[in-house]
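Test case, fold it:
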Amino acid sequence: MKLPSLELPVRIGWRDHVIGGAIGIAYFVALVTTARAVGFGRDEALYFRAGTEYFSWWLSVFEHGSSAFQQGAIDSHFSDNHEHPALMKTLFGFSAWLFQKEWPIISDASTAMRLPTMALAAAALWTTYLFGARAWGRAAGVVAAVSLGAMPRVFFHSHLACFDSPIMSFWIFCVYAHWRAQREGGVGWAIATGVLFGLALDTKHNAWMLPAVLVPHAFFVQRQSFWPNLRGGRMPIPTSVVAMAVLGPLVFFALWPFLWNDTLARLQWYVDFHVHHVYYSIEFFGRNVFEPPGPKSYLPVMVIATVPTITLILFGIGAADRAWVGARRMRAWASRLLRRVDTNDRPEADAAETDLLIALSILIAVGPFFLSGTPLFGATKHWLTAYPGLALFAGRGFQLVQAAMRRALPVLSVARSRLAEAGLYASVLLAPVAVTAHSNPYGLSTYVPFVGGTAGGADLGLNRQFWGYTTQNAAEDYLNTKAPPGATVFISDTTFDAWARMQDERRVRRDLRAVGAPHEAQFALVQHELHMNEVDYSIWVALRTDAPAYVVVHDGVPIVSIYRRP
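Predicted coordinates:
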């Protein structure tokens, strides 16, 4: 009896949605099951509060009708934290309402609020798989999707009710929809591009850089018809570009009610806030970087130190391959221009110009971090949008390695061939997955083994954390069991909102009282960052001891020190 074939059809179809969806669902489950270990940082606590307020306005529309649209009613809900758009905060509030009030299936309000970020991160892996599979093959798609999820910083930020992982997701959604629009024509994918661009705009200001990726690419794809039309007095504009220009701002405006009144003034304030953003400290090679100009080496060093090395190697192979193909195409174009024909060099054609699109998606995302005035305080989170493109080129690199292995191996039986293939997948995916799993919940402290891991990053003087989110770990490890009833705790870089949220969810004992200065405290915390050294000194003076009662560590590296008044 002939056994059924395990081979998938060549054509990418519904079975690939099953593969991509399975990768995404597995990632979503991993995020949800590890979420409680990740404490609350300064920004996330603000977004919890704002999300509740934002969604409550949408509920008020059904309760109060037209009166909810009055400026006072809108501003009373949306004035909080209006330096960022409304989409994700509204989804945070909606998710908490749905899964805690209407369907009370999630015990922690914070986990309910974090679900939209987790779901979008899972969808980003799904989309990355489809992109890689359609561009180069299923092997490229699988490795690209898993490699994207198996980056410690991506995994960390994909837990949070913040905007950095969501804008990464909307970035790749928009790039992929635009790519499909160029490949297949029609208006369906073009409209999807415009709508997704609007959702990206309503997520975070990084989205305003997307036209620098998509517009040049669209015109380059249509270059052959562009010039004849232009000479004929017609200005052909790609459909996806039109959709972005029309639908993007409409979606952005419609989903942010705060802009519905005093629109120009509020837009101007929004732009000014980010153009003239305040600076925060970040450590780099043992030096505290605050005001610009920042070191130009910051981004490449942090990429090398935080992205799994095998992923970067595969990216290098894939990017070099696509650059070589591009060079051959340029040579062929020059030969045609000079009326020279080289029949021995006929590079592959790509009507959708996939290589250019992915390269632009990476370069535009990282470009601002080589400018002297760009703040560096967010570390890698501010260029997460580059990582789907990086992962896609890594997937292409894996495909080339796979082909080379097949050529190098002698003829094997089907069983041995599949075993060799499985070993190749394991050799490039298991290590990133293991490093990422080990990083939780200290994703901001984790550095890859190439630089010595967490300890190597600390030895190099790279930033250990920010936002004060590790206070929860200090409480779980020490305060919850050692502090006497009603003890006062100086919470250092943690906000009172974050502390209150942790107490509401019984992550921190409810009787412990947070205070704002070391001299008021029986216990004092310091989250280890270079610019927090002054806090250490203040604690020594106020508590009359320089010996911590307990130190939270990750791979032997101090993360939080806890002092106790003698």
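
who touches the spatially most central residue of the chain in this structure?
The geometric centre of the chain, computed from its C-alpha atoms, lies nearest to Ser165 (Cα atoms, centre = their mean), at 2.9 Å. Ser165 makes contact with Thr117, Leu120, Ala121, Ala124, Val154, His157, Ser158, Leu384, according to Cβ atoms under 8 Å, 6 or more residues apart in numbering. For the C-beta atoms, the positions are set from N, CA and C on the backbone; glycine is no exception.

run the last query once more with 6 Å
Contacts for Ser165 (Cβ atoms under 6 Å, 6 or more residues apart in numbering) come out as Thr117, Ala121, His157, Ser158.

Give the burial count for the third one, as a bare number.
So the one you mean is His157. By the measure other Cβ atoms under 10 Å, the count of residues near His157 is 23.

cool, and Leu363?
Residues within reach of Leu363, counting by other Cβ under 10 Å, total 13.

Report pLDDT for Arg231.
We have a pLDDT of 65 for Arg231.

What is the helix or strand that Leu196 is a member of packed up against?
Assigned by DSSP states H and E, Leu196 belongs to helix 188-201. Helix 188-201 sits against helix 164-184, helix 239-254, with contacts defined as 3 or more Cβ pairs under 6 Å, 6 or more residues apart in numbering; DSSP states H and E.

looking at those helices, which is buried most?
The highest average neighbour count among the helices and strands packed on helix 188-201, using mean count of other Cβ atoms under 10 Å, belongs to helix 164-184 at a mean of 25.

Arrange the helices and strands packed on helix 188-201 in JSON lines, one row each, with distance to His274 and mean pLDDT as further columns.
Below are the helices and strands packed on helix 188-201 laid out as JSON lines (distance: least, Cβ to Cβ, whole Å; pLDDT from 0 to 100):
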{"stretch": "helix 164-184", "distance to His274": "13", "mean pLDDT": "96"}
{"stretch": "helix 239-254", "distance to His274": "15", "mean pLDDT": "95"}
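
Relative to Leu419, which of the ones you listed is closest?
Of all the helices and strands packed on helix 188-201, it is helix 164-184 that lies closest to Leu419, at 32.8 Å by Cβ to Cβ.

Report the residue ranges of every domain in the chain.
As recorded under automatic domain parsing, the domains making up the chain are 14-388, 471-564.

Can you lay out those domains as a markdown table showing distance to Ala408?
Shown next, in a markdown table, are those (distance: least, Cβ to Cβ, whole Å):
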| stretch | distance to Ala408 |
| --- | --- |
| domain 14-388 | 15 |
| domain 471-564 | 37 |
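
Which of these comes out lowest on mean pLDDT?
domain 14-388 (a mean of 91).

And it, end to end?
Terminal residues of domain 14-388 are spaced 22 Å apart (Cα to Cα, to the nearest Å).

Distance from the chain centre to it, please.
Remark: domain 14-388 is offset 8 Å from the chain centroid, using Cα atoms, centre = their mean, to the nearest Å.

swap in stretch 521-531?
Counting by Cα atoms, centre = their mean, stretch 521-531 is centred 28 Å from the centre of its parent chain.

mind checking the end-to-end distance for it?
One end of stretch 521-531 sits 21 Å from the other (Cα to Cα).

before we move on, what about stretch 150-170?
19 Å.

I'd like the numbering to begin with 30 instead of 1 from here.
Sure, I'll start numbering at 30, so the last one becomes stretch 179-199.

Now tell me what touches the helix or strand following the helix holding Leu225 from outside.
Following helix 217-230 in sequence order, the next helix or strand is helix 240-250 (DSSP H and E). Residues from elsewhere that reach helix 240-250 (Cβ under 6 Å, 6+ apart): His207, Gln211, Pro267, Ser269, Val270, Glu382, Leu385, Leu386, Leu389, Ser390, Ile393.

and what of stretch 217-226?
Contacts of stretch 217-226 (Cβ under 6 Å, 6+ apart): 202-203, 206-207, 209-210, 268-269, 272-273, 276-277, 280.

ok, the residue lying closest to Leu149 once chain neighbours are set aside to Thr232 distance?
In space, and not counting its chain neighbours, Leu149 is closest to Ser198: 4.0 Å by Cβ to Cβ, 6 or more residues apart in numbering. Per Cβ to Cβ, to the nearest Å, Ser198 is found 9 Å from Thr232.

same deal with Phe255?
Phe255 is 31 Å from Thr232, by Cβ to Cβ.

about what we covered before: now the helix holding Leu225 against helix 193-213, angle please.
Orientation of helix 217-230 against helix 193-213 (axes from the mean of the first three to the mean of the last three Cα atoms, to 10 degrees) gives an angle of 160 degrees.

Arg530 is in contact with Phe69, isn't it?
Yes: the pair Arg530 and Phe69 qualifies as a contact (Cβ atoms under 6 Å) at a distance of 5.4 Å.

Between the two, point out the one with more neighbours.
A direct count of neighbours by other Cβ under 10 Å for Arg530 and Phe69 places Phe69 higher, at 27 against 23.

where does the more buried one land in three-state SS?
coil (DSSP: H, G, I helix; E, B strand; the rest coil).

show me the residues around it that make contact.
The contact partners of Phe69, taken as Cβ under 6 Å, 6+ apart, are Ala527, Arg530.

coming back round to it: now the contacts of stretch 217-226 as CSV including distance to Phe399?
CSV is the format used below for the contacts of stretch 217-226 (distance: Cβ to Cβ, whole Å):
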residue, distance to Phe399
Phe202, 26
Cys203, 23
Ala206, 28
His207, 25
Arg209, 31
Ala210, 30
Thr268, 33
Ser269, 28
Ala272, 31
Met273, 26
Leu276, 32
Gly277, 27
Val280, 31
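
from those residues, which two are the most distant?
Arg209 and Val280 (18.8 Å).

Could you check how far Thr156 is from Pro417?
Distance check for Thr156 against Pro417: by Cβ to Cβ, it reads 8 Å.

The residue nearest to Leu149 contacts Ala148, correct?
No: Ser198 lies out of contact with Ala148 (Cβ under 6 Å); the separation is 9.0 Å.

Now the host helix or strand of Pro587: buried residues?
Applying DSSP H and E as the criterion places Pro587 in strand 586-593. Within strand 586-593, the residues that count as buried by 16 or more other Cβ atoms under 10 Å are Val586, Pro587, Ile588, Val589, Ser590, Ile591, Tyr592, Arg593.

wait, the second one sits on His557?
It stands for Pro587. Yes: between Pro587 and His557 there is a contact under Cβ under 6 Å: 5.3 Å.

Strands of the protein, start to end?
311-313, 316-318, 517-519, 542-544, 552-556, 579-583, 586-593 (DSSP state E).

Tell me which of those strands lies nearest to Ile333.
Using Cβ to Cβ, the strands of the chain put strand 311-313 closest to Ile333, at 13.1 Å.

List the neighbouring strands of that closest one plus their orientation.
strand 316-318 (antiparallel) (DSSP bridges).

Flag every buried residue along the partner strand.
Residues of strand 316-318 classed as buried by neighbour count (16+ other Cβ under 10 Å): Val318.

Likewise for stretch 65-74?
Arg65, Val67, Gly68, Phe69, Gly70, Asp72, Glu73, Ala74.

Would you mind giving the residues you listed as TSV with distance to Met359 added?
What follows is the buried residues of stretch 65-74, written out as TSV (distance: Cβ to Cβ, whole Å):
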residue	distance to Met359
Arg65	53
Val67	47
Gly68	51
Phe69	51
Gly70	47
Asp72	45
Glu73	47
Ala74	51
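
Can you tell me which of the contacts of stretch 217-226 is nearest Leu88?
Val280 (21.2 Å).

Let me know whether that closest one touches Gly227 as I believe.
Yes: using Cβ under 6 Å, Val280 is in contact with Gly227, at 2.4 Å.
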